[in-house]
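**Q** Predicted model and sequence follow; I will ask about them next.
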Amino acid sequence: MPYEKRIIIGGLPRSGSTLLRFMLDAASTIISGPETAFFTQPLFQQQATIARLAQRLADKLNICPERLTEAVITAPTSCQAYDSISDLMGENAGISKPCWAEKSPRNCFSYHRLHAENPNFYFISTIRHGLDVVTSVVKNHPNNANQYWCPIQRYVDTMLAIYSFKSPRHLIVKYEDMVTSPQKTMNQIFAFLGLKYEDHIIQSFRQPASTRDLTKVHQPKLKQEISSDWINRWKALQHSERVNEFMQHSKAVYWLEHSGYELPQRSYT
């Protein structure tokens, strides 16, 4: 089907992109299925590894790999390939929506290429206080349990990618705004997209759907009410060594300030 709007979501890891995806998908106008990383590689590369790609997407999206293969192999652009993938997701869910959004944090490294392919894409980048990002621990992840999720260098590289992409169709959203003022922030996002905001999404995003499965995203907080308690966790004493490491990285400190966050009060040397 022809889509009215196509939204690419990228940004820092642990910065609320999954929360954003769930809330967008809860709207009547946007389908936003599980993270695919489809746009992190150019189309020719996805086509060259189609067997592996199709099986990976089939496992994530519960769609026949043969149909996914056809969607990708026959498409002349990444955009058109994902149009077809979104069609299959909608068919599988028994829904039809005029817009799609694909969320993969590493999408931000492909913004320039994607904008060149289709200047009508909308881009949303999620960011967060850098110290909360690099001290975030995934307790129940099968491969990285109880370890820091984001290297400091990834924080630096991601912030450079986000802030070097200049476009009136690029919106930077702070995690802190999403969890302290979710309704206001989502209103702003929908206004940016030129879509009508629906009040119910702040609550209904937790309701099960074929495109939203809380058991598969390693985000236990999403089962709870959105809370401002989710911020400033870097201040816990257990993270002092990690905070010190961050504060000694000049580029990390630069991006923390550049993005509007205050530095810690104590000095780190």
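**A** Thanks, I have it.

**Q** so where do the helices sit in the stretch 151-269 of the chain?
**A** Applying DSSP state H, counting those that start in this stretch to the stretch 151-269 of the chain gives helices spanning 152-163, 175-180, 182-193, 201-204, 240-247, 250-258.

**Q** What is the subsequent helix or strand relative to the helix or strand bottoming out on mean pLDDT in the chain?
**A** Ranked by mean pLDDT, DSSP states H and E, the weakest helix or strand in the chain is strand 137-138, scoring a mean of 82. Going down the chain from strand 137-138, the next helix or strand is strand 147-148, by DSSP states H and E.

**Q** before we move on, the earlier item: out of the helices of the stretch 151-269 of the chain, which is closest to Ser84?
**A** helix 182-193 (21.9 Å; Cβ to Cβ). For the C-beta atoms, the positions are set from N, CA and C on the backbone; glycine is no exception.

**Q** Just the buried residues of that closest one, please?
**A** 182, 185-186, 189-190, 192-193 (16 or more other Cβ atoms under 10 Å).

**Q** Reformat those as CSV; add distance to Asp59.
**A** Shown next, in CSV, are the buried residues of helix 182-193 (distance: Cβ to Cβ, whole Å):
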residue, distance to Asp59
Pro182, 31
Thr185, 32
Met186, 30
Ile189, 30
Phe190, 31
Phe192, 33
Leu193, 30
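
**Q** follow-up on the earlier one: closest to Ile85 out of the helices of the stretch 151-269 of the chain?
**A** Closest among the helices of the stretch 151-269 of the chain, using Cβ to Cβ: helix 182-193, at 20.1 Å.

**Q** Do me a favour and get the end-to-end distance for stretch 225-232?
**A** Counting by Cα to Cα, to the nearest Å, you get 17 Å between the two ends of stretch 225-232.

**Q** got a list of contacts for it?
**A** Here stretch 225-232 makes contact (Cβ atoms under 8 Å, 6 or more residues apart in numbering) with 19, 129, 132, 175-176, 178-180, 182, 202, 221.

**Q** Let me have the residues you listed in CSV, extended by distance to Trp230.
**A** CSV is the format used below for these (distance: Cβ to Cβ, whole Å):
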residue, distance to Trp230
Leu19, 9
His129, 11
Asp132, 9
Tyr175, 8
Glu176, 9
Met178, 9
Val179, 5
Thr180, 9
Pro182, 11
Ile202, 15
Lys221, 6
